[in-house]
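Student: Please find the sequence and the predicted model below.
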Amino acid sequence: MAVSKGTVFTLKSYRTQAEVLVKNYILSDPFIPYTSVVVGALTCKLVYDLTQLISAIYFRGYNGLTKIQRTEWKNRGVSTLHAIFISITSLYFVFWSDLFSEHHSAELITFRNSPLSTFALGVSVGYFISDLGMIFWLYPYLGGVEYIVHHSLSAIAVSYSMLTGEGQLYTFMVLISEVTTPEINMRWYLDIAGLKRSNAYLINGIVIFFAWLVARILLFVYMFYHVYLHHDQVMKMHTFGFLLVYGVPSALATMNLMWFGKILKGLKKTLAKKPQSIL
């Protein structure tokens, strides 16, 4: 069908206006934090609804779950997607991007940031706020006090880093630990599906053990060593930011060690019950 010149002009005008809106407002430096938090929260809602739709169609046992189990099923779908997004993003900024490279800039490493890094942190803040809301709403079914403490500390630290631009490198280092979340969620899904005695459940437990060891134990040791080497730069941060750099990772590391002990105990119990080959 032929399109009139007037229609083409109108479409181009709308496209131009949309580009200006995105460039000058949504992705302009002053608006990036607020836009990204809204994007993160809305994405959580979208994924929550899509998880319900897809699960109801493709997973036969979904409709037979209790109401609270279906809610947790969807909630874990959201946390899995967030974990994949933020762990990949964090790995990129910490190990591959030039943003935090020692020789890339004369600027102090504790004050380096970019629109993209700030946007990524904002999306994560949107997730933590949404998930905290779910935890409080259905307390204690989606998690007890330890989850509230973990999410609250994470939300405060990530929000501060997003809004001020300070300490983003260390924030991303801590967020790499989210790489363990999909495996933890898969463990729950396998349990709900009645596959707790399957090889898949055992293999998943082994993966959790090594992923937790690397991402939540050894990586935290590396982060503390990095902070030690750059202590003079950390000291130049705002007092609240300085306290967050030392306090939040320390609290999370303590919780990680406690949970690691439970993971090790659970893995030993599973291996004891299943001595035969997993292949």
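Tutor: Now that the structure is in, tell me what you want to look at. Keep in mind that what you see is a predicted model, and the values were worked out from it rather than measured.
Student: which element follows the helix or strand in which Tyr127 is found toward the C-terminus?
Tutor: Element membership for Tyr127, per DSSP states H and E: helix 115-137. Sequence-wise, the next helix or strand downstream of helix 115-137 (DSSP H and E) is helix 145-164.
Student: quick one: low-confidence ranges for the stretch 51-200 of the chain?
Tutor: Within the stretch 51-200 of the chain, no range satisfies pLDDT under 70.
Student: repeat that for 90
Tutor: Applying pLDDT under 90 to the stretch 51-200 of the chain flags the ranges 59-61, 63, 101-107, 140-144, 146-147, 150, 193-194, 196-198.
Student: Quick one: the helices in the stretch 151-279 of the chain, in order.
Tutor: Ranges of helices within the stretch 151-279 of the chain are 168-175, 181-192, 199-212, 219-229, 231-234, 239-273, based on DSSP state H, counting those that start in this stretch.
Student: if I read this right, Phe111 contacts Glu166, doesn't it?
Tutor: Yes - counting by CB atoms under 8 Å, Phe111 does reach Glu166; the two are 6.1 Å apart. (Each C-beta comes from the backbone N, C-alpha and C, glycine too.)
Student: who touches both of the two?
Tutor: In terms of CB atoms under 8 Å, 6 or more residues apart in numbering, Phe111 and Glu166 are both contacted by the residues Met237.
Student: So for those two, which residue has more residues nearby?
Tutor: Glu166 (25 against 17; other CB atoms under 10 Å).
Student: ok, so what distance separates that one from Lys273?
Tutor: Distance, Glu166 to Lys273, using CB to CB, to the nearest Å: 48 Å.
Student: what's the neighbour count on Val39?
Tutor: 15.
Student: and stretch 210-228, which residues are buried?
Tutor: Ala211, Trp212, Leu213, Ala215, Arg216, Leu219, Phe220, Met223, Phe224, His226, Val227 (16 or more other CB atoms under 10 Å).
Student: and of the residues you listed, the nearest to Ser97?
Tutor: Nearest to Ser97, judged by CB to CB, of the buried residues of stretch 210-228 is His226 at 15.4 Å.
Student: Output the buried residues of stretch 210-228 in CSV; the columns should cover pLDDT.
Tutor: Shown next, in CSV, are the buried residues of stretch 210-228 (pLDDT from 0 to 100):
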residue, pLDDT
Ala211, 96
Trp212, 96
Leu213, 96
Ala215, 96
Arg216, 95
Leu219, 96
Phe220, 96
Met223, 96
Phe224, 96
His226, 96
Val227, 96
